[in-house]
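Participant: structure, please.
(2 chains)
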Amino acid sequence: MTPRTRRLFLGRDAYRRRRLLDATRVVTALFALAALLPPIWLPQYFSYGRGAVWLAVSWTAAILATAALHHALGRTPRPEDEDDA
Amino acid sequence: MTPETLGLAAIAYVALMFLVAHAADRAALRGRWRWMDRPVIYTLSLSVYCSAWTFYGAVGYASRSGLEFLTIYLGPGIVFAGAWWGLRRLVRVARMHRVTSIADLISSRFGKSPGLAALVTLIAVLAATPYIALQLQSVSMAISAFAEDGHDLPPAIALWVAVGLAAFAILFGTRNLAADERHHGVVMAIAAEAVVKLAAFVAVGSYVLWGLADGPGDVLARIDRMAVSAGGEGWLIRPDRWFTLIALSGAAVVVLPRMFHVLVVEANDEDRLHHAGWAFPAYLAAMSFLVLPIAVVGQDMLPKGTNPDLYVLELPLSQGHDTLAAFAFLGGFSSAMSMVVVSAIAVSTMMANHWLMPLVLRLQSARISGPAAREDLGTFMLNARRMAIVAVIGAGWVYHQISGGTSALASMGIVAFSGMAQVVPAMISGLLWRGATRRGAIAGILAGASIWAMLIFLPSLGLLPHAGMPAGIDPFAGAVLLALSVNLALLTLISLFDFPDPVERLQALSFVHAIAPDASPSETARAPQAEALLTLAGRIWGSEKALDVFRKSADIQGKSGYLPDLTPRFLSDFERRLAGTVGAATAAALMTRVLGRGGVTVSDLMEVAGEASRAREDNRRLETASHELSRTAGMLQESNEKLTALSAQKDAFLGQISHELRTPMTSIRALSEIMMEPELTAPDRARFAGIIHDEAARMTRLLEDLLDLAVLEGRHARLKPAVVNLHDMIDRALATSGATASSREFTILRNPVAEHLAVITDPDRLLQVLINLIANARKYCDAEFPVIRIDTRRNRDGGTQIDISDNGSGIGPESRALIFEKFARLNDPARAGGAGLGLAICKEIMEFLGGSIAYLPGQGGACFRVTLPPRPRVAPVAPNDDAGSGR
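Facilitator: Next up, the predicted model:
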């Protein structure tokens, strides 16, 4: 149980990596909103063909965005002292 | 194609999967697992989420309730999009603690509680049994679709399927007891099945989409026609169900025993979530969106009485595409098979670890350790698991028989989801909140599971009537939200008022902060106990494996042989290894038995906390000390510089004072020798006497100065206060200094009116200061047209301020620190004509008078400010000074 000292500032690569991680969270939140809000809000509009198209498009977009972000994350070197943030 | 051929195909398929699993297991055994240990295999193995329900139930669901079936896939889609956010933490912590199941995770987090593990296992078994029954039913139902009317089905299809799958699970799921619950063969087989599933479903879906319908546009048009048709009412999204089902499925993809097993237990590291984060949602999206065309086209083209659950098979069959239908059947069979096998392995592990082992430990408490207990615990564990597999799948089959394969099974998927969801509050709060306690978790899960059983589970089996919900609330969504709210509320409330025991607090720290708990606060045990531990390990893992583990640990400690020191680190490491086989609660119980140690106490815990905080404290002290040191060093350096400069000044002064004293002495001696000559004329004699007199006076002045300074510094001077007019004082000072000094013409700027200030002070001393300052200005002002300016002002506090400035080049910043020091003289001594005591004396006098003297920078020349107090202080004469002088 060594007391962990958190770095206050990071170098360019580690900083970029943190922001990429943030971006994956944003994509998740946006996709959750897209999947939940419209059908709950306007069920009569989203119950049929329009809803299917809307969900298919937003899900595909979320998958592509996540794939791109994870690809970028995989390429940036992981800093040694990365924490949970 | 007859059901018999199909049965043969299924048997051949199972045989193929046996081969795949066997090959993978053999490769792993030879250490050639690496090429198979890829993220893509991991991602494909996650597809065990898509059970046979995806093939049959989802289509039926879609044709009845429209897009609502998508919620079952959207939830996991959202959870996996954020995989690197939440799941990574879960996988990391679970790997760290070598968690074997969801029950083990919850139990381990909440103080390795055996009760909690047993409770979660109970929910898992309750939820899994009908779910497995559903898979068996789907297989027999699918085969029946191929039977022509009047054709008898082969008998007991479900039984044979159950037997086959149990055999598969036993063969590849309980091959050996590893220190981690990984089954390479099973994973490889379900990855292969994932490909078959996807290919089969995509084949049928594409055929329907482009072969029977006119592409996506046509399907969308058919969907929109549903809106106005008779069945269109059911398609309308109900917001409460939509939200609840997405949340439930998102939770289920993590906590369902089979999902937890492939997602967490079989994961080698968390890095593969990079791949799974997008690839698994892509898999789900492909599987789910193809459901829509099959559902709507099936509804349009097939006769009214057709079971919508079988559209996947009926559509190709109705068009005479038997091979395609058979392929779809194999896909559905694959899904059922992987679901049943993985569920059975996961649930049987839980049952063996959390039900049977604690029971056995209790029954034969005396025979666990020690030389008497030689029987093989490992084989016992494996047999327990095998029995549990048979029991779980058997229960599913019995359930299938009892329920008669009715459509009541169709909703078993979401019933299982909502049951397992009751562990979600405990899991999430356990990972995020150190304050969540065991009692809170047990109360929450018990209450939530009871509500689930009363409102959802038992009614779904037809054992209880469906409870009514207030109008406008969907019964299922309402029941789920009620159960979860009560669960969460109890967990939170009880945790807030609870005080957890030390083991639980250690585990909470470790889970919430993802720190390896390597500082288990238990005293070092003795060597005989190391041997007992080795015996225990040998009985569970087999003695070769146990010896290997012990030798490696001894190696790490730098010891030879097989018995490492039982350091806290080794013990907690060993316990976690053990937990990887038998679960955290059982491992902890076994360790306690063998080592005979009491549990961790609060004081042990405080000691750990104390050590950590002591280390932090030491760190902080060191830091402060080093700051202090560097500050002191800075101060030292400063004073060193000052001392060096002073010392140089002093040397110069000594040289100067010797010179000053010797010069007059020399001339006095020389002149007095000349005066001893008898033939000297009277005027010469008088002139020489005059010079001797002047020189002696100069020496006297110098000595007086020195004495004066000594008196002032020694606080022996006597104050003689009087009221004087400052104007008069300045007049006298100017007159005196003008009388002695240079021939240069000075312009004196004064404000005679303002100068008429009455001051109470020692006039002689003040005069001395003023003369000194004005004389200095006369001496050192280097301007072409020298000006001396004298300003006086009464201060607000009643004191008086006198500024004496000139228009010369002033004193450089580097010298300002030194000018008030004794012996200080800034420039050429010859020009100054003094010994450099003037300002030092002024400073001493002003301090003596209770005022101050300071150099004012930035005034266009040298400027000194003399400040007098309203009245002089009574000169403090220290008693020891008196004593000193009396001696």
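Participant: flag every buried residue along the host helix or strand of residue B:251.
Facilitator: Following DSSP states H and E, the helix or strand that holds residue B:251 is helix B:239-255. In terms of neighbour count (16 or more other Cβ atoms under 10 Å in any protein chain shown), helix B:239-255 has its buried residues at B:240-255. In short, each C-beta sits where N, CA and C put it, glycine included.
Participant: what of stretch B:118-132?
Facilitator: Buried positions in stretch B:118-132, judged by neighbour count with 16+ other Cβ under 10 Å: B:118-132.
Participant: now do the same for residue 53: its pLDDT.
Facilitator: No chain specified, so I'll use chain A. pLDDT for residue A:53: 93.
Participant: that was the other one, I meant chain B.
Facilitator: The per-residue pLDDT reported for residue B:53 equals 85.
Participant: quick one, what contacts it?
Facilitator: For residue B:53, the contacting residues are B:134, B:138, B:335, B:413, by Cβ atoms under 8 Å, 6 or more residues apart in numbering or on different chains.
Participant: again, only using 6 Å
Facilitator: Residue B:53 makes contacts with residue B:413, as judged by Cβ atoms under 6 Å, 6 or more residues apart in numbering or on different chains.
Participant: can you check my assumption that it lies in a strand?
Facilitator: No: when classified by DSSP: H, G, I helix; E, B strand; the rest coil, residue B:53 is found to be helix rather than part of a strand.
Participant: returning to what we had before: show me what the helix holding residue B:251 is packed up against.
Facilitator: Using 3 or more Cβ pairs under 6 Å, 6 or more residues apart in numbering or on different chains; DSSP states H and E as the contact criterion, the secondary-structure elements in contact with helix B:239-255 are helix A:12-41, helix B:71-81, helix B:412-420, helix B:475-497.
Participant: helix B:239-255 and the helix or strand that the shortest one is followed by, what's the angle between them?
Facilitator: Once the chain leaves helix B:412-420, the next helix or strand it forms, by DSSP H and E, is helix B:424-432. What separates the directions of helix B:424-432 and helix B:239-255 is an angle of 60 degrees, with axes from the mean of the first three to the mean of the last three Cα atoms, to 10 degrees.
Participant: can you tell me what sits against the helix or strand just after helix B:424-432?
Facilitator: Per DSSP H and E, helix B:424-432 leads on to helix B:438-452 as the next helix or strand towards the C-terminus. Residues from elsewhere that reach helix B:438-452, judged by Cβ under 6 Å, 6+ apart: B:110-111, B:113, B:116, B:119, B:123, B:418-419, B:422, B:425-426, B:482-483, B:486-487, B:490-491, B:494-495, B:498, B:504.
Participant: contact residues of chain B facing chain A?
Facilitator: Applying Cβ under 6 Å from any Cβ of the partner chain, we find that chain B lies next to chain A at B:66-67, B:74, B:78, B:81-82, B:84-85, B:220, B:223-224, B:227, B:235-237, B:239, B:242, B:274, B:277-278, B:281-282, B:285, B:289, B:519, B:612, B:616.
Participant: doesn't residue B:801 lie inside a strand?
Facilitator: Yes: under three-state DSSP, residue B:801 sits within a strand.
Participant: hmm, who's touching stretch B:382-394?
Facilitator: If you take Cβ under 6 Å, 6+ apart as the criterion, stretch B:382-394 is touched by B:162, B:166, B:169-170, B:174, B:344, B:347-348, B:351-352, B:356.
Participant: for the residues you listed, which one is nearest chain A?
Facilitator: Distance ranking of the contacts of stretch B:382-394 against chain A, using Cβ to the nearest Cβ, places residue B:347 first at 30.3 Å.
Participant: tell me if I am right that that closest one is in a strand.
Facilitator: No: inclusion of residue B:347 in a strand is not indicated when three-state DSSP is applied; the result is helix.
Participant: ok, now how distant is residue B:736 from residue B:846?
Facilitator: As judged by Cβ to Cβ, to the nearest Å, residue B:736 and residue B:846 stand 19 Å apart.
Participant: I meant to write residue B:272 there.
Facilitator: 82 Å.
Participant: please apply the same query to residue B:302.
Facilitator: Computed as Cβ to Cβ, the residue B:302 to residue B:846 distance reads 114 Å.
Participant: before we move on, what about residue B:295?
Facilitator: Remark: distance between residue B:295 and residue B:846 (Cβ to Cβ) = 103 Å.
Participant: one more: residue B:570?
Facilitator: According to Cβ to Cβ, residue B:570 and residue B:846 sit 76 Å apart.
Participant: now do residue B:220
Facilitator: In this structure, residue B:220 and residue B:846 are 100 Å apart, going by Cβ to Cβ.
Participant: neighbours around the closest residue to residue A:32 other than its chain neighbours, how many?
Facilitator: With sequence-adjacent residues excluded and distances taken as Cβ to Cβ, 6 or more residues apart in numbering or on different chains, residue A:32 is closest to residue B:78, at 4.8 Å. Using other Cβ atoms under 10 Å in any protein chain shown, the number of residues around residue B:78 comes to 25.
Participant: now do residue B:11
Facilitator: Residue B:11: 12 surrounding residues under other Cβ under 10 Å.
Participant: who has more neighbours out of residue B:302 and residue B:846?
Facilitator: When residue B:302 is set against residue B:846 and neighbours are counted by other Cβ under 10 Å, the residue ahead is residue B:846, at 22 against 18.
Participant: I'd guess that one is in a helix, am I close?
Facilitator: Yes: the assignment for residue B:846, made by three-state DSSP, places it in a helix.
Participant: got CSV for the helices and strands packed on helix B:239-255, with mean pLDDT and distance to residue B:706 too?
Facilitator: CSV is the format used below for the helices and strands packed on helix B:239-255 (pLDDT from 0 to 100; distance: least, Cβ to Cβ, whole Å):
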stretch, mean pLDDT, distance to residue B:706
helix A:12-41, 90, 68
helix B:71-81, 93, 90
helix B:412-420, 88, 99
helix B:475-497, 94, 81
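Participant: could I get those as TSV with distance to residue B:646?
Facilitator: As requested, the helices and strands packed on helix B:239-255 are exported to TSV (distance: least, Cβ to Cβ, whole Å):
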stretch	distance to residue B:646
helix A:12-41	52
helix B:71-81	74
helix B:412-420	84
helix B:475-497	69
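Participant: centre of the chain to stretch B:746-764, how far?
Facilitator: Distance of stretch B:746-764 from the chain centroid (Cα atoms, centre = their mean, to the nearest Å) equals 72 Å.
Participant: could you find the closest non-adjacent residue to residue 40?
Facilitator: Here I'm looking at chain A. Computed as Cβ to Cβ, 6+ apart, the closest residue to residue A:40 that is not its neighbour in sequence is residue B:239, at 4.1 Å.
Participant: please go with chain B instead
Facilitator: Using Cβ to Cβ, 6+ apart, the closest residue to residue B:40 is residue B:275 (6.6 Å).
Participant: and residue B:300, by the same measure?
Facilitator: Residue nearest to residue B:300 in three dimensions, not counting chain neighbours: residue B:222, with 6.2 Å by Cβ to Cβ, 6+ apart.
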